[in-house]
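Participant: The sequence isn't on hand, but the structure is:
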């Protein structure tokens, strides 16, 4: 990879990390406030209190897994031609 | 409880173990010849952190004693709305590593950068901006460290019955010692132990709270009967929408700019460690924040009076520990929150001393054509860490009220200072020195001023003002000032 390609890839990864944030915020809104008036119980708690906390946590881990497998690429962090120092 | 020395044994043992780890790591690094590049090894650990340690040290540094004491105390009073708000922190690890991790990793290898300030100096080609950054870091970090010391020592006093000063010496002096000896690598490894202790402490506390409160179903039923508003997201008005919004900004999104988090981007090994850290970190930060605040809520089954009766929300968690746990175990459980405090202090201490030694002293020496010997740098780096730690320790013995003011500014102040400077600097070629300078100084001043005066817009936390003003000033400066030199930009935005 050239330096420029590396930069573009990193920018792409950063952008998709930002998009992940937006998706997570939307999920947080729906799973918490969105379910606040639903008259249902989970583990003895109103459904929003589970969805908006543990639900958001699990969803975040799924998103990060997706993000890191689909977008993040492995490439050497050292500059081309430079040996890693001991 | 007072007078029984066996109460102190678990904590003493833990601190001795931390120092042992630090000495061992120092020896190991010396043996491997890494100390030949002392500054890099001491301040950034030779860039070889793996995913697990990277995740744990990022989370442990970020989680402070207030996440373990103050926060859950409020959760006890407010209910599930507080957990719903605290969960926004699951973004803290993957955002900073995803947005800045590789970017600074690549640049750091190119410039042999050891600090975040190194990167800022190169990007904006300004020694003044670098020294302002270093000053802001040292000032706010010192105040934060004092607050961590005080929080930890107060908790120690409340739970064990031993004096505040005993606590401060036991864990406070020790953390300064092990950070000074072992440097970054030791901080990362001890942070990992601390994060594990925090999780263990939470699990233990949940268990005893459930036991004392008569079981989960019983506690939830009692909350539903006595405080139904604790099961509503707005908590009967205690959790307004505006609070949710500002918490997203303050403890979620803007945390990516905290120098103590970004510096982790300079230290990891490769893509694999980064990706693993993002996943593990998200798991751990969620586990801790949900776990500890849920414990606070379940504490309703242990403490059934009202808030005033216990003397404020900071006293809730210590009271829960003392009431629910047998004394022998309480002295183990207290290691969790103290670990949160020391793991924050160790990292701040090291970044603070790197700002003094690397960003100010060493750079000035190099600029005037001097190259201090490695032996001298080794001596000065450790001395700076020890002195900074000692100063903070002494202030924590009798903290002046000014410290609380600065500490109140610290979190949002660091975010206001570094958010746009880093984000726009690293991804927007037009960002320039004038913009960064205006944004960092003007934004931070406005933030501290509005917070000091208690001035708010629409009742929102002042971070909204700070971050907006800082953005406007950045854009203004970038359009008024001249763009950076071509060769500087070429290093950052390769053609």
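Facilitator: Yep, it's here. These numbers come from a predicted model, not from an experiment.

Participant: Quick check: residues of the stretch 251-400 of chain B near chain A?
Facilitator: Residues of the stretch 251-400 of chain B lying close to chain A (CB under 8 Å from any CB of the partner chain) are B:253, B:270-272, B:274-275, B:278-279, B:282-283, B:286-287, B:290, B:294. The C-beta positions use only the backbone N, C-alpha and C, and glycine is treated the same way.

Participant: Among those residues, which lie within helices?
Facilitator: If you go by DSSP state H, those have B:271, B:272, B:274, B:275, B:278, B:279, B:282, B:283, B:286, B:287, B:290, B:294 in helices.

Participant: So which of those residues is the closest to residue B:227?
Facilitator: Ranked by distance to residue B:227 (CB to CB), these are led by residue B:294 at 15.2 Å.

Participant: wait, isn't that closest one in contact with residue B:205?
Facilitator: No - Residue B:294 is beyond contact range of residue B:205, at 10.3 Å (criterion: CB atoms under 8 Å).

Participant: Look at these two and report which has more neighbours.
Facilitator: Legend: neighbour count by other CB atoms under 10 Å in any protein chain shown for residue B:294 and residue B:205, higher for residue B:205 (28 against 22).

Participant: What's the first helix or strand after the helix or strand hosting the more buried one?
Facilitator: Per DSSP states H and E, residue B:205 falls inside helix B:174-212. Using DSSP H and E, the helix or strand that follows helix B:174-212 in sequence is helix B:216-226.

Participant: Which strands and helices lie in contact with whichever helix or strand comes after that following helix?
Facilitator: Once the chain leaves helix B:216-226, the next helix or strand it forms, by DSSP H and E, is helix B:241-247. Applying 3 or more CB pairs under 8 Å, 6 or more residues apart in numbering or on different chains; DSSP states H and E, one finds that helix B:241-247 contacts helix B:80-86, helix B:463-480.

Participant: Are the longest one and chain A in contact anywhere?
Facilitator: Looking back up the chat, that one is helix B:463-480. No - applying CB under 8 Å from any CB, one finds helix B:463-480 separated from chain A by no less than 15.5 Å.

Participant: One more: the shortest one?
Facilitator: Yes - using CB under 8 Å from any CB, we find that helix B:80-86 touches chain A at B:80, B:83, B:84.

Participant: Could you pull out the helices in the stretch 351-495 of chain B for me?
Facilitator: B:363-367, B:374-397, B:401-427, B:433-453, B:463-480, B:486-492 (DSSP state H, counting those that start in this stretch).

Participant: Reformat those as a markdown table; add mean pLDDT and mean neighbour count.
Facilitator: Formatted as a markdown table, these follow (pLDDT from 0 to 100; neighbours: other CB atoms under 10 Å in any protein chain shown):
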| stretch | mean pLDDT | mean neighbour count |
| --- | --- | --- |
| helix B:363-367 | 92 | 13 |
| helix B:374-397 | 93 | 17 |
| helix B:401-427 | 90 | 21 |
| helix B:433-453 | 94 | 21 |
| helix B:463-480 | 96 | 20 |
| helix B:486-492 | 91 | 13 |
